[in-house]
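>>> I would like to see how this sequence folds:
(one chain, ligands or ions: 3)
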Amino acid sequence: MTLILIGFMGSGKSTVAGVLSENYVDLDLEIVRKIGMPIAQFFEKFGEAEFRVVEHQVFSELIDSGGVIATGGGIVESPENRELLALQSEVVYLKANFSSLWQRINADKKNVRPLAQNGAEIVEKLYEKRKKSYQGLADLTVEVADKSPEEIAQIIFDWQKGQKE
Ligand SMILES: Nc1ncnc2c1ncn2[C@@H]1O[C@H](COP(=O)(O)OP(=O)(O)OP(=O)(O)O)[C@@H](O)[C@H]1O
Ligand SMILES: O=C(O)C1=C[C@@H](O)[C@@H](O)[C@H](O)C1
Ligand SMILES: [Mg+2]
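Numbering: from 1, shown residues only. Ligands and ions are numbered 1, 2, ... in the order given. Sure, this is the predicted structure:
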């Protein structure tokens, strides 16, 4: 069984995956490895549609790896990825209100997110558009805005344990 974290940019998928497992797979990092350049540069050169093709390839190769996967915020954009996610039974949605996410995205200088370079209103529209997909595909939803990564990881561990009992 693969534990898959989904949610908007800044929700903490990569951070929480690191607490859950030291061997977690970060889909964005795997994509960077495959394309040989930063994601922002790939968007500039080839555009979002091409990025989604690569994202789907990498995701379908790793989805049955059995560990923990931190997806990118746009994993639900492609219908093919939504189909893959619907077949999984440990999809965890890290949910937060937009203003918390926007604060985190802007404070995070380490990661340049091409789709977050637009103004808050445009990014919020993207958030509103994706919200239903994240929620609809989730087996577990965790409210993350007021919790530490460790608290979030503990909630997920406890839920997983309950699933196995
Ligand atoms: N629970 C938390 N509380 C406070 N800050 C957090 C929490 N989780 C993550 N952060 C911070 O928010 C920022 C975004 O986190 P992270 O990169 O893990 O998000 P992500 O969901 O993987 O984003 P993306 O979709 O762009 O990959 C980072 O600076 C991280 O340190
Ligand atoms: O929300 C998105 O569409 C994205 C989020 C990031 O994790 C990256 O996968 C990329 O920047 C696209
Ligand atoms: Mg991430």
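
>>> Mind naming the longest helix for this structure?
Longest helix in the chain, counting residues (DSSP state H): helix 120-137.

>>> next helix or strand past that one?
The element immediately downstream of helix 120-137 (helix or strand, assigned by DSSP states H and E) is strand 140-143.

>>> Now for the residue of the chain found nearest ligand 1, how many residues are close by?
Closest contact between the chain and ligand 1, by C-beta to the nearest ligand atom, is at residue 12 (2.8 Å). For the C-beta atoms, the positions are set from N, CA and C on the backbone; glycine is no exception. For residue 12, the neighbour count with other C-beta atoms under 10 Å is 24.

>>> List the contacts of it.
Applying C-beta atoms under 8 Å, 6 or more residues apart in numbering to residue 12 gives the contacts 94, 104, 144, 149, 152.

>>> okay, the residues you listed in TSV with pLDDT and secondary structure next?
Conversion of the contacts of residue 12 to TSV gives the following (pLDDT from 0 to 100; DSSP: H, G, I helix; E, B strand; the rest coil):
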residue	pLDDT	secondary structure
94	98	strand
104	95	helix
144	98	coil
149	98	helix
152	98	helix
